[in-house]
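Student: okay, sequence plus prediction incoming.
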Amino acid sequence: MSTITLSSSFDVADPKLVRNFSYINGKWCAAANGKTIPVTDPATGEAIGEVASLSAEESSAAVDAAQNAFPTWAALLPQERAKRLRRWFELQLEHKVDLARIMVLEQGKPLSEARGEIEYGAAFVEFYAEEAKRPNIEGVTSHLPDAEVELWREPVGVAALITPWNFPSAMLTRKAAAAMAAGCTIVAHPSTETPFSALALAELAERAGIPAGVFNVVTGRPATVVEPWTQDTRVRALSFTGSTEVGRLLYRQSASTIKKLVMELGGHAPVIVFKGADLDVAVAETIKAKFATSGQDCLGANRIYVERPIYDDFCVRFVEATKALSLGNGMDDPDIGPLMNEKAVQKQEEHVADALTKGAILACGGKRDAMGPLFYQPTVLADVPDTAAIMHEETFGPVAAIAPFETEDEIVAKANDTEYGLVAYLHSHDPRRIYRVSRALQFGMVAVNRTKVTGAPIPFGGTKQSGLGREGARLGMEEFTEIKYVCRDWA
Ligand code: NAD
């Protein structure tokens with residue numbers, strides 16, 4: 001695999017951004033046994049390239065590199081780490097067009113969403129470049145008459161970062177910038193379905209002057225390359241974004257080495273629309289919350305509850321807005337692109353069939369589109385009963401489920417009746433109700449009369465089975481630190 005087998009579709013201005021070897025200790029590495037993993041364009045089904053499939057030993061070599069690089073990186077003046085992160089941020093924006101094309105080709109999302117993701121992901125790098133410079137010492141009131149006490153925040157060590165395919169760039173920058181700003185070094189594993197975005201970020205990290213061994217990207221079969229990290233005592237933190245199922249597995253695997261864990265897992269977001277809410281806003285925002293990234297978003301609106309008196313009106317407007325959405329190849333910048341894989345399409349089919357069997361009404365869509373095997377039509381199901389699977393499981397696709405409700409108490413109980421707790425959306429114009437319901441919702445994030453909640457300065461994360469810890473804000477960096485308490489005697 002000395003040359004890259006790549007589709008001409010990449011068509012990027014800077015071909016060096018398209019890498020297919022793993023990046024370890026500042027070098028691009030193929031698997032010694034020559035093994036590779038093919039990557040396909042979900043829109044066309046065409047092979048777009050292949051990436052190195054590393055062995056467990058080769059993956060452990062990335063930890064060697066990160067461990068060796070750690071003392072020097074941790075000891076660097078924070079201002080120096082900040083400079084390199086700042087340069088990494090600038091390079092991401094300078095190469096935004098190429099990075100977005102790479103993402104669309106491997107992930108399928110619409111081009112403008114991909115550009116938005118590059119900007120969003122880069123904003124975390126900018127934020128943590130600044131945050132790196134903030135004081136990492138906290139004074140505390142002494143409990144002793146003759147001693148001074150301080151808390152120092154020190155980098156935890158090597159951090160393993162495991163990221164999903166739905167946001168192949170931002171999920172990595174969000175973790176990596178926080179970890180590197182804290183002084184940690186990194187071994188990262190991107191999803192096998194979307195490795196090219198992460199490898200392009202490694203190329204830019206090198207250009208930004210991030211030293212060899214600080215940021216390593218390991219491609220390969222996840223069980224092969226990630227398990228050695230969970231068992232390795234040198235890996236002191238593991239930050240994972242992905243499904244709750246795999247999160248549980250990594251949690252168990254990490255138990256033997258007692259790591260710090262950050263888990264950004266699945267979601268099952270309710271949207272609650274109360275009478276009196278601005279219906280234009282509620283419909284437009286819920287369309288975004290449902291169909292962005294073709295519905296493959298942990299923040300995706302999975303179940304939409306509308307108060308009975310405005311239910312019919314909401315449904316009519318929502319169906320109309322859904323029918324107006326365009327479906328197409330992400331490169332043509334439609335509203336909705338293909339789904340990631342066959343399993344994802346089958347999940348839509350299963351959830352729709354199940355809901356219809358249980359009495360839901362199909363208002364639009366409801367099948368694969370002639371555009372290609374991974375295109376599923378934007379779909380609305382109305383009158384969906386609580387017994388339908390879609391009201392309890394993450395759908396991760398462009399199927400909207402709507403149901404009416406009668407009272408506030410009833411709907412808060414229903415919204416909370418889930419193992420997930422990532423985000424909830426609420427539409428109302430009654431300030432007291434907004435306060436009451438926001439308090440009662442058992443979710444890590446509540447969005448009121450809007451959809452977009454996430455950004456670099458805010459703590460992103462969920463409760464219950466949606467995860468542990470937070471990304472973004474100062475808190476996101478602190479996840480990669482340990483507190484050292486120092487007690488100085490003046491005697
Ligand atoms: P996934 O759990 O299948 O994979 C995520 C990552 O884990 C990938 O890098 C994958 O290669 C790796 N992985 C898979 N099996 C593994 C194993 N046995 N051992 C070690 N690593 C393994 O998730 P996905 O399908 O890529 O992403 C979709 C899921 O991610 C959804 O559930 C979604 O809700 C969730 N997600 C959550 C957030 C959040 O911030 N809470 C953000 C985006 C996505």
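Tutor: Everything's here; your move.

Student: which residues in the protein form helices?
Tutor: Assigned by DSSP state H, the helices in the chain fall at 56-75, 78-94, 96-107, 111-131, 170-182, 195-207, 222-231, 244-254, 279-291, 308-323, 342-357, 408-416, 431-440, 473-478.

Student: possible to save those as TSV with distance to residue 329 and mean pLDDT?
Tutor: Backbone N, C-alpha and C define where each C-beta goes, glycine included. What follows is the helices of the chain, written out as TSV (distance: least, CB to CB, whole Å; pLDDT from 0 to 100):
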stretch	distance to residue 329	mean pLDDT
helix 56-75	34	98
helix 78-94	24	98
helix 96-107	8	97
helix 111-131	9	98
helix 170-182	22	98
helix 195-207	17	98
helix 222-231	28	98
helix 244-254	29	97
helix 279-291	16	98
helix 308-323	20	98
helix 342-357	16	98
helix 408-416	36	98
helix 431-440	40	98
helix 473-478	34	97
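
Student: closest one to residue 142 among these?
Tutor: Of all the helices of the chain, helix 473-478 sits nearest to residue 142, with 22.7 Å by CB to CB.

Student: just checking, what packs against that closest one?
Tutor: The contact analysis (3 or more CB pairs under 8 Å, 6 or more residues apart in numbering; DSSP states H and E) places helix 473-478 against helix 111-131, helix 170-182.

Student: try it again at 6 Å.
Tutor: The contact analysis (3 or more CB pairs under 6 Å, 6 or more residues apart in numbering; DSSP states H and E) places helix 473-478 against helix 170-182.

Student: contacting residues around the helix it packs on?
Tutor: By CB atoms under 6 Å, 6 or more residues apart in numbering, the list of residues contacting helix 170-182 from outside reads 85, 117, 120-121, 124-125, 128, 131-132, 155, 159, 161, 163, 186, 198, 239, 241, 471, 476-477, 480-481.

Student: mind running it again at 7 Å?
Tutor: Residues from elsewhere that reach helix 170-182, judged by CB atoms under 7 Å, 6 or more residues apart in numbering: 81, 85, 117, 120-122, 124-125, 128-129, 131-132, 155, 159, 161, 163-164, 186, 188, 190, 198, 201, 214-215, 239, 241, 471-472, 476-477, 479-481.

Student: so which of the residues you listed reach the ligand?
Tutor: By CB under 6 Å from any ligand atom, the members of the contacts of helix 170-182 lying near the ligand are 163, 164, 190, 241.

Student: which of the residues you listed lies closest to residue 108?
Tutor: Each of those was checked against residue 108 using CB to CB; the closest is residue 164, at 13.9 Å.

Student: quick check, the residue in this structure closest to the ligand?
Tutor: residue 242 (2.6 Å; CB to the nearest ligand atom).

Student: nearest residue to that residue other than its sequence neighbours?
Tutor: residue 164 (4.5 Å; CB to CB, 6 or more residues apart in numbering).

Student: and that neighbour, what's its pLDDT?
Tutor: Note on residue 164: pLDDT of 98.

Student: what does the stretch 251-400 of the chain put close to the ligand?
Tutor: Counting by CB under 6 Å from any ligand atom, the stretch 251-400 of the chain comes close to the ligand at 264, 265, 266, 267, 298, 394.

Student: go through those residues and name the one nearest residue 146.
Tutor: residue 264 (45.2 Å).

Student: list the contacts of the closest one.
Tutor: 240, 241, 461, 467, 471.

Student: list the buried residues of stretch 49-67.
Tutor: 49-56, 58-67 (16 or more other CB atoms under 10 Å).

Student: and the contacts of it?
Tutor: So stretch 49-67 is contacted by 1, 4-7, 20-22, 24-25, 29-33, 35-39, 158, 185-187, 195, 213, 216, 218-221, 224-225, 228-229, 232, 234-235 (CB under 7 Å, 6+ apart).

Student: which among those end up buried?
Tutor: Neighbour counting by 16+ other CB under 10 Å classes 6-7, 20-22, 24-25, 29-31, 35-37, 39, 158, 185-187, 195, 213, 216, 218-221, 224-225, 228-229, 232, 235 among the contacts of stretch 49-67 as buried.

Student: restricted to strands, list those.
Tutor: Within the buried ones among the contacts of stretch 49-67, residues falling in strands by DSSP state E are 22, 24, 29, 36, 37, 39, 158, 185, 186, 187, 216, 235.

Student: next, name the residue at the spatial heart of this protein.
Tutor: A centroid search over the chain (CA atoms, centre = their mean) returns residue 171, at 4.3 Å, as the residue closest to the centre.

Student: among the ones next to the ligand among the contacts of helix 170-182, which pair sits farthest apart?
Tutor: Pairwise distances across these (CB to CB) peak at 10.7 Å, for the pair 190 and 241.

Student: wouldn't residue 379 be in contact with residue 397 here?
Tutor: No. Contact between residue 379 and residue 397 fails when scored by CB atoms under 7 Å: they sit 8.5 Å apart.

Student: right, and residue 339 touches residue 374 too?
Tutor: Yes. Residue 339 lies in contact with residue 374 (CB under 7 Å); the separation is 5.0 Å.

Student: so for those two, which residues contact both of them?
Tutor: With contacts taken as CB under 7 Å, 6+ apart, residue 339 and residue 374 have 42, 345 as neighbours in common.

Student: rewinding a little: what about the residue nearest to the centre of the chain, distance to residue 45?
Tutor: 25 Å (CB to CB, to the nearest Å).

Student: how about the contacts of residue 264, which pair is most distant?
Tutor: Maximum pairwise distance in the contacts of residue 264, criterion CB to CB, is 12.1 Å, between 240 and 461.

Student: hmm, back to that, please flag which of the residues of the stretch 251-400 of the chain next to the ligand sit within strands.
Tutor: Per DSSP E, these map to strands at residue 264.

Student: tell me the one among the residues of the stretch 251-400 of the chain next to the ligand nearest to residue 457.
Tutor: Using CB to CB, these come closest to residue 457 at residue 264, 17.2 Å.

Student: what pLDDT does the model give that closest one?
Tutor: Per the predicted model, pLDDT is 98 at residue 264.

Student: the one 10 residues further on now?
Tutor: At residue 274, the pLDDT value in this model is 98.

Student: show me this structure divided up by domain.
Tutor: 15-265+466-486, 269-455 (automatic domain parsing).

Student: residue 29 and residue 22, how far apart?
Tutor: Distance from residue 29 to residue 22, by CB to CB: 5 Å.

Student: got the buried residues for stretch 356-368?
Tutor: By 16+ other CB under 10 Å, the buried positions in stretch 356-368 come out as 360, 363, 364, 365, 366, 368.

Student: mind checking which of these land in strands?
Tutor: Those of the buried residues of stretch 356-368 lying in strands (DSSP E): 363, 364.

Student: can you name the two of the buried residues of stretch 356-368 that are farthest apart?
Tutor: Using CB to CB, those span at most 18.8 Å, a distance reached by 360 and 368.

Student: and residue 351, how many neighbours?
Tutor: The number of residues packed near residue 351 is 26, by other CB atoms under 10 Å.

Student: quick one, what contacts the residue nearest to it when sequence neighbours are not counted?
Tutor: Leaving out its chain neighbours, the residue that sits closest to residue 351 by CB to CB, 6+ apart is residue 390, at 4.3 Å. If you count contacts by CB under 7 Å, 6+ apart, residue 390 has them with 302, 351, 355, 384, 399, 401.
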